[in-house]
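> Need the 3D shape of this:
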Amino acid sequence: MGKCVAITGATGFVGGALARELAQQGHELRLLARANSDRSGLAGMAVDWQVGDVLQADTLPDLVRGVDWVIHAAGMLGQAGVPESAYHQLHVEGTRHLLTAVARHNPGARVLYVSSPGVLGPIDGPPADETALLAPSNPYERSKAAAEQVALDFAANGLDVVIARPEFIYGPGDLHVLGLFQAVQRGMFFTIDGGRAVCHPTFIADAVAGMIGCLLNGRSAHVYHITGPRPVSFRELGDTIAAALGVRSPWLSLPKPLALLAAATLEVMGKVTGITPPLSRTGVAFFSENRRFSWQKAHDQLGYTPQFDLAQGVAETVGWYQKQELL
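Okay, here's the model as predicted:
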C-alpha cells in the first residue's frame, strides 16, 4: 500500500529524483517549494505542492500533517562566496524547524534526513564507517554535522529519524558537476598532485535506492552511508569521463600549493568582478583530499548494494548531458 510522503528539496537534483521514483512506486507526494522555485523537473506529475520554506516555520505544519514519511532533502551544496552563516541557517535551523513541526503535528511519522559523509572530513585511512568521529573541514560540512546532531537530538526524544549520507552524487538531471564534465571535454580539467586522491562517486539511481531503503528498513537514530561501489582516484575519474566523451584524457597536473595560490587569486578576482570563480580553495581541497566510505552497514541492514560502476554511470550521465545539449 502506498505511503503519503512529504519532501523538502524536491525541486533539487536529489529530492526530485526521490520524488520521481516514489511516485513511480505508487506513493502519494506532498512537496514543499518556495513560491519562485522552478518546478519544471516534476512537470506533469500528480503531486500536492505546498508553498513554503524550511526557514519559515509557520509554513511547515501543513506539509507534515497526516503523512507517513517526511524526507528532508532541502540544502545547499558547498560553493565559493557563501557565508558560513547561510549554511548554518539553512541546514541547522531549517532542520530544527522541520523536525519541530513533525514532533508537534505528526509525531508518528518516519523522518529521513539527507546528510553527507562529508561530515567526517578527509579520510586518509581505510574506508570510514558510520562509527567514525565527525571532523568537518569546511562551512558546508560543519553545518551538515550540526544538523545531524539536531536530528539525533529529536530521535533521542522519541521521533523516528533515520539519517542517510549519500556521497558525491552524479547522474542525469544533475547540474552541479556538469562543469567537471565540460572541463574534461574542453581539455581544461587538471588534476592536483597527479590525481592520486580518491573520491567516492555515487550514481543517482543507487543513491535513491539506498535512501528509500533507509525509509523502509533503517533503524531509528541510525546513520547509513549510501555510496557507489568503490572509491576512485581523480585521475581515473577524469580518464573515465574523457573516454565517455571521446576526448583526450586530462594530462595537466599542478602541485597543491600552486593550485591553492591560483584559487585564492581567482576568489579575490571573483569578489571584485562579482563572477563566481571557476576554482576555489574548497574545490582544491576536494580534488586533493581522500574520501572513501564503507557501505557495509547499509548492505547488512538495508539490503543495499550499488548497481552502477563508474564507467556505466558516467556513460549514462554523458548521454543525458548530450541529449540536453549541455555537452
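> end to end, how far does stretch 162-177 reach?
Distance between the two ends of stretch 162-177: 27 Å, counting by C-alpha to C-alpha, to the nearest Å.
> in that stretch, what's buried?
For stretch 162-177, the neighbour count (16 or more other C-beta atoms under 10 Å) marks 162-174, 177 as buried. Every residue, glycine included, has its C-beta placed from N, CA and C.
> do stretch 11-24 as well
Buried residues in stretch 11-24, counted by 16+ other C-beta under 10 Å: 11-23.
> cool, and stretch 31-45?
In stretch 31-45, counting by 16+ other C-beta under 10 Å, buried: 31, 32, 33, 41, 42, 45.
> so what's the second one scoring on pLDDT?
Here the pLDDT value assigned to residue 32 is 95.
> now the strands for the protein?
4-8, 28-33, 48-51, 69-72, 110-114, 160-166, 169-170, 191-192, 198-199, 202-203, 223-226, 232-233, 253-254 (DSSP state E).
> Out of those, the one nearest residue 130 is which?
Residue 130 sits nearest to strand 223-226 of all those, at 4.5 Å, using C-beta to C-beta.
> what's in contact with that closest one?
Contacting residues not belonging to strand 223-226 are listed as 115, 117, 128-130, 148, 162-167, 202, 206-207, 210-211, 213-214, 218, 293-295, 297-298, 301-302, 304 [C-beta atoms under 8 Å, 6 or more residues apart in numbering].
> make it 6 Å
Identification of contacts with strand 223-226 by C-beta atoms under 6 Å, 6 or more residues apart in numbering yields 117, 130, 163, 164, 165, 166, 207, 210, 214, 293, 295, 298.
> Spatially, which two of the residues you listed are the most separated?
Across the contacts of strand 223-226, no pair lies farther apart than 130 and 207, at 16.3 Å, counting by C-beta to C-beta.
> what about the two, which has more around it?
Remark: of residue 130 and residue 207, residue 207 carries more neighbours, 27 against 18, as counted by other C-beta atoms under 10 Å.
> so who does the more buried one touch?
Taking C-beta under 6 Å, 6+ apart, one finds 166, 169, 226 in contact with residue 207.
> any chance of the residues you listed in CSV, with distance to residue 135 too?
Output for the contacts of residue 207, formatted as CSV (distance: C-beta to C-beta, whole Å):
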residue, distance to residue 135
166, 19
169, 21
226, 20
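> Listing request: residues of the chain with sub-threshold pLDDT.
79-81 (pLDDT under 70).
> where along it do the helices fall?
For the chain, the helices defined by DSSP state H occupy 13-24, 61-64, 84-87, 94-105, 139-156, 178-185, 204-217, 234-245, 256-273, 281-288, 296-302, 310-323.
> Go through those helices and name the closest to residue 194.
So among the helices of the chain, helix 234-245 is nearest, using C-beta to C-beta, at 6.8 Å.
> what is the orientation angle of the closest one with helix 310-323?
50 degrees (axes from the mean of the first three to the mean of the last three C-alpha atoms, to 10 degrees).
> buried stuff in helix 234-245?
234, 235, 237, 238, 239, 240, 241, 242, 244, 245.
> Please apply the same query to stretch 177-191.
For stretch 177-191, by 16+ other C-beta under 10 Å, it's 177, 180, 181, 182, 183, 184, 185, 189, 190, 191.
> In JSON lines: those residues, plus distance to residue 94.
Formatted as JSON lines, the buried residues of stretch 177-191 follow (distance: C-beta to C-beta, whole Å):
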{"residue": "177", "distance to residue 94": "24"}
{"residue": "180", "distance to residue 94": "28"}
{"residue": "181", "distance to residue 94": "30"}
{"residue": "182", "distance to residue 94": "31"}
{"residue": "183", "distance to residue 94": "32"}
{"residue": "184", "distance to residue 94": "34"}
{"residue": "185", "distance to residue 94": "36"}
{"residue": "189", "distance to residue 94": "34"}
{"residue": "190", "distance to residue 94": "36"}
{"residue": "191", "distance to residue 94": "35"}
